[in-house]
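Chemist: Requesting a structural model of the entry that follows:
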Amino acid sequence: MKGWLYLLLFCCCAGAVFSQNKLSGRVINAVTKEPVPFANVFFANTTIGMSTREDGTFSLSGFPNGKYDITVTSVGFRQLQKPIDFTIPHKQVVEILINEDTRELEEVVVKEDNPNRENDFRMFTNLFIGETPHAEKCTIGNPGDIHLYFDPETREFTAHARKPIEIINQAMGLRIFYH
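Modeler: Numbering: from 1, shown residues only. Modelled structure (predicted):
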């Protein structure tokens, strides 16, 4: 009887080990054919993803069987989303071509340094992250990438960033990049 139990346990474990899915590949600029480093590659509506390496490569593995939408984002490029089918466990290598996002700016406004940056950043953090007990354990990892401006005449507060905002949630052990 024990022998059958061990055999059943082995088969279940072996199936889990051998049925692992793997998606790997490279993200490439569609025009220049150069690799796109640090692009975000992820399955939409999941927590499965990573950033490409300096050579544009990525590798996602160990995810369950199913149908996914692979999404690729990078600053200066158009977002790309493609369906991908892993209903049957397998390994797949893909080459993903993404197009540059060539938008023209309407105007460029040059403003003086913000003498109230510390107060403005505190206000931005409270508005962006919130003021809950968990929010108190969150920090912004790249405050220098966020540009802040408060217009006292219109009482309008503006914040923008060219890079994703990095939010470090120490309460949950997460690092989140907000685009």
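
Chemist: The closest residue to residue 64 other than its chain neighbours: neighbour count?
Modeler: Distances taken as Cβ to Cβ, 6 or more residues apart in numbering place residue 21 nearest to residue 64, at 7.6 Å, with adjacent residues excluded. No exception for glycine: its C-beta is placed from N, CA and C like everyone else's. Burial of residue 21 is recorded as 19 neighbouring residues (other Cβ atoms under 10 Å).

Chemist: for residue 77, same thing?
Modeler: Residue 77 has 18 neighbours, counted by other Cβ under 10 Å.

Chemist: Could you state which residue of this protein sits nearest its centroid?
Modeler: By Cα atoms, centre = their mean, the chain has its centre lying nearest to residue 40, at 5.0 Å.

Chemist: what's the residue nearest to residue 64 in contact with, if anything?
Modeler: 61-65, 86, 89-91 (Cβ atoms under 8 Å, 6 or more residues apart in numbering).

Chemist: among those residues, which ones are buried?
Modeler: Among the contacts of residue 21, those scoring as buried are 63, 86 (criterion: 16 or more other Cβ atoms under 10 Å).

Chemist: buried ones in the strand or helix carrying residue 120?
Modeler: Here residue 120 sits within helix 117-128, counting by DSSP states H and E. Neighbour-count burial for helix 117-128 flags 117, 120-121, 124-125 (criterion: 16+ other Cβ under 10 Å).

Chemist: circling back to that earlier point, of all pairs in the contacts of residue 21, which one spans the longest distance?
Modeler: Farthest-apart pair in those is 64 and 91; separation 14.7 Å (Cβ to Cβ).

Chemist: Output the buried residues of helix 117-128 as a markdown table; include the columns pLDDT and distance to residue 168.
Modeler: Below are the buried residues of helix 117-128 laid out as a markdown table (pLDDT from 0 to 100; distance: Cβ to Cβ, whole Å):
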| residue | pLDDT | distance to residue 168 |
| --- | --- | --- |
| 117 | 83 | 20 |
| 120 | 86 | 20 |
| 121 | 88 | 15 |
| 124 | 88 | 16 |
| 125 | 89 | 12 |
